[in-house]
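Participant: Have a look; sequence and predicted model below, questions after that.
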Amino acid sequence: MKLRFAAVFAALWLLVTPALAIDPPYQGRMERLAEILGSLYFLQPLCEAGTEDWRAEMAELINLDEPDDDRRQRLAGAFNSGYTAFARFHRACTPSAREALQRLLTEAEKTAREIHTRFAE
């Protein structure tokens with residue numbers, strides 16, 4: 001009787017528990033790219049007049065990826081975290097801000113290329 005009850009309980013629990021979406025294998029790299037783009041969105045106008053709109057680039061990446069709501073929120077949160085991380089400490093373009101900008105541009109290019117090479121081809 002106890003075994004039967006446990007089996008019925010387990011079956012009911014599976015029916016009422018929402019299914020958890022499985023992230024694609026590139027989700028972690030996309031979140032890092034989102035964080036980098038958020039940082040660039042803050043730093044580039046501070047240090048140089050660039051023509052890139054990093055926020056628009058992030059929106060395009062999200063639209064192309066077509067994530068579910070949970071993943072969309074995590075990507076947007078990573079972008080915002082990248083923005084606020086640099087906004088806390090930089091008010092003017094200092095040598096360290098300029099160095100961070102260059103390193104982030106390099107990492108963004110490398111990360112985007114890696115995602116494309118490993119998962120899109």
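Facilitator: Perfect, I can see it now. Numbers count the residues shown, from 1 in each chain.
Participant: can you pull the contacts of residue 43?
Facilitator: Applying C-beta atoms under 8 Å, 6 or more residues apart in numbering, one finds that residue 43 lies in contact with 86, 90, 97, 100, 101, 104. C-beta here means a position set from N, CA and C on the backbone, and glycine is covered the same way.
Participant: From those residues, which one has the minimum pLDDT?
Facilitator: The lowest pLDDT within the contacts of residue 43 belongs to residue 90, with 89.
Participant: Contacts for stretch 97-108 next, please.
Facilitator: Around stretch 97-108, the neighbours that count as contacts under C-beta under 8 Å, 6+ apart are 33, 36, 37, 39, 40, 43, 44, 46, 47, 48, 86, 90.
Participant: average pLDDT for the helix or strand containing the fourth one?
Facilitator: Counting by DSSP states H and E, the element that carries residue 39 is helix 27-47. Predicted confidence along helix 27-47 averages 94 (mean pLDDT).
Participant: Give the next helix or strand downstream of it.
Facilitator: Counting by DSSP H and E, the next helix or strand C-terminal to helix 27-47 is helix 54-65.
Participant: Dump that following helix to CSV, keeping only the CA atoms.
Facilitator: What follows is helix 54-65, C-alpha atoms only, in CSV (Å, rounded to 0.1, in the frame of the first residue of the first chain):
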residue,chain,number,x,y,z
TRP,A,54,25.9,48.2,-27.8
ARG,A,55,22.4,48.1,-26.4
ALA,A,56,21.0,47.7,-29.9
GLU,A,57,23.6,45.0,-30.6
MET,A,58,22.5,43.1,-27.4
ALA,A,59,18.8,43.5,-28.4
GLU,A,60,19.6,42.0,-31.8
LEU,A,61,21.5,39.1,-30.3
ILE,A,62,18.6,38.3,-28.0
ASN,A,63,16.1,38.5,-30.9
LEU,A,64,18.2,36.2,-33.0
ASP,A,65,18.6,33.7,-30.2
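Participant: show me what contacts residue 84?
Facilitator: For residue 84, the contacting residues are residue 38, by C-beta under 8 Å, 6+ apart.
Participant: So what's the gap between the helix holding residue 39 and the chain middle?
Facilitator: Averaged C-alpha coordinates place helix 27-47 at 9 Å from its chain's average position (C-alpha atoms, centre = their mean, to the nearest Å).
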